[in-house]
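>>> Sequence first, predicted model second:
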Amino acid sequence: MSDDYIFDVKNVTLRFGGVVSLNDVSLHQNRGEILAVIGPNGAGKTSLFNSLTGVYRPQVGTITFSGEPGHSVSVIGRKPHLLNGAGIARTFQASRMFSALTTYENVKIGAESHKGLGAVGAMLGGPATRRGEKLSDSRTWELLDFVGLRAEANTLSASLSYGARRRLEIARGLATNPKVLLLDEPAAGTNPAEKLELTSLIRKVRDRMGVSILLIEHDMKMVMSLAERLYVLNFGGVIAEGTPEEIRANDAVVVAYLGSSDTGEAAQPSPSETEDTDAQG
């Protein structure tokens with residue numbers, strides 16, 4: 001496989017005071033790949049996502065993002081909104097919708113963020129503003145159709161089912177025209193039927209839109225059916241990398257999830273992630 005990486009993470013260490021949350025983490029994501037990061041509670045997964053999106057600034061290492069082949073930027077030190085503009089979008093463990101707004105309005109907020117008119121253009125309401133408004137309207141309807149929520153366009157987002165909220169979050173992320181979409185436990189709180197819908201939608205995002213997917217998820221059945229490759233974190237470090245078949249057969253992964261058969265002790269969350277709540281997960 002060629003070295004066309006959308007993310008290239010090298011030797012990243014993230015500390016909170018004297019507590020290490022990520023310990024010398026190196027990984028990469030190929031362009032167009034569905035990649036999963038898994039591990040026990042407190043392994044450092046959300047700390048990694050927060051580092052990839054500019055929320056946290058690691059003290060050691062490099063993170064490079066290539067939205068387009070041959071054009072790379074350093075993630076470390078860049079603000080989250082600038083990284084979003086460069087092509088990185090994400091969802092969160094806990095829903096972060098605008099609950100008092102409709103489904104349509106939630107998606108349109110994402111679409112509006114990329115009109116590029118500026119405050120003066122928006123106030124003047126000239127031809128460029130009107131064109132931008134029509135484009136964002138069109139994009140919003142297109143995405144509602146894509147995630148199967150057109151019929152819920154005028155429904156307050158707080159009234160949606162859990163599965164519909166997850167699809168709405170994906171639509172809102174896609175509205176920013178990302179090159180990569182980071183999904184933090186997208187199936188959390190959903191029922192089996194909703195998980196199947198989400199699995200199909202995530203695959204469709206990659207296959208039809210060409211958006212790379214980076215996934216954290218505790219539902220192993222869903223992960224193994226979606227991911228082409230996986231990294232396993234434990235105590236803030238990478239302990240395994242490979243295909244779903246390779247990960248299933250990896251003894252270190254079994255021990256991390258189930259505990260050592262020699263000691264009979266289950267793996268425990270690292271102190272860093274207990275304090276950080278995986279900063280949140």
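Yep, it's here. Numbers count the residues shown, from 1 in each chain.
>>> what's near enough to touch Ala171?
Ala171 makes contacts with Asn106, Val107, Gly110, Leu143, Leu144, Phe146, Val147, Leu149, as judged by Cβ atoms under 8 Å, 6 or more residues apart in numbering. Where you see a C-beta, it was placed from the backbone N, CA and C, and this is true even at glycine.
>>> Just the ones of these in helices?
Those of the contacts of Ala171 mapping onto helices are Asn106, Val107, Gly110, Leu143, Leu144, Phe146, Val147, per DSSP state H.
>>> domain parsing for the chain?
Using automatic domain parsing, the domain ranges for the chain come out as 1-86+212-281, 88-177.
>>> which one of these lies closest to Pro186?
domain 88-177 (5.3 Å; Cβ to Cβ).
>>> Straight-line length of that closest one, end to end?
Domain 88-177 stretches 9 Å from its first residue to its last (Cα to Cα, to the nearest Å).
>>> Tell me the buried residues in stretch 178-191?
Neighbour-count burial for stretch 178-191, counted by 16 or more other Cβ atoms under 10 Å, picks out Pro178, Lys179, Val180, Leu181, Leu182, Leu183, Asp184, Glu185, Pro186, Ala187, Ala188, Thr190.
>>> And the fifth one, how far from Met220?
Pointing back at Leu182 there. Computed as Cβ to Cβ, to the nearest Å, the Leu182 to Met220 distance reads 19 Å.
>>> Which member of the contacts of Ala171 is positioned nearest Ala252?
Proximity to Ala252 was ranked across the contacts of Ala171 by Cβ to Cβ; first place goes to Val147, at 36.9 Å.
>>> For the closest one, list the residues it contacts.
Contacts of Val147 were listed using Cβ under 8 Å, 6+ apart, and they are Arg167, Leu168, Ile170, Ala171, Leu201.
>>> With distance to Gly17, pLDDT and secondary structure as added columns, please give the residues you listed in TSV.
What follows is the contacts of Val147, written out as TSV (distance: Cβ to Cβ, whole Å; pLDDT from 0 to 100; DSSP: H, G, I helix; E, B strand; the rest coil):
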residue	distance to Gly17	pLDDT	secondary structure
Arg167	39	95	helix
Leu168	37	95	helix
Ile170	35	96	helix
Ala171	38	96	helix
Leu201	40	97	helix
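>>> May I see those residues arranged in a markdown table, with distance to Gly87 as well?
Below are these laid out as a markdown table (distance: Cβ to Cβ, whole Å):
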| residue | distance to Gly87 |
| --- | --- |
| Arg167 | 21 |
| Leu168 | 21 |
| Ile170 | 16 |
| Ala171 | 17 |
| Leu201 | 20 |
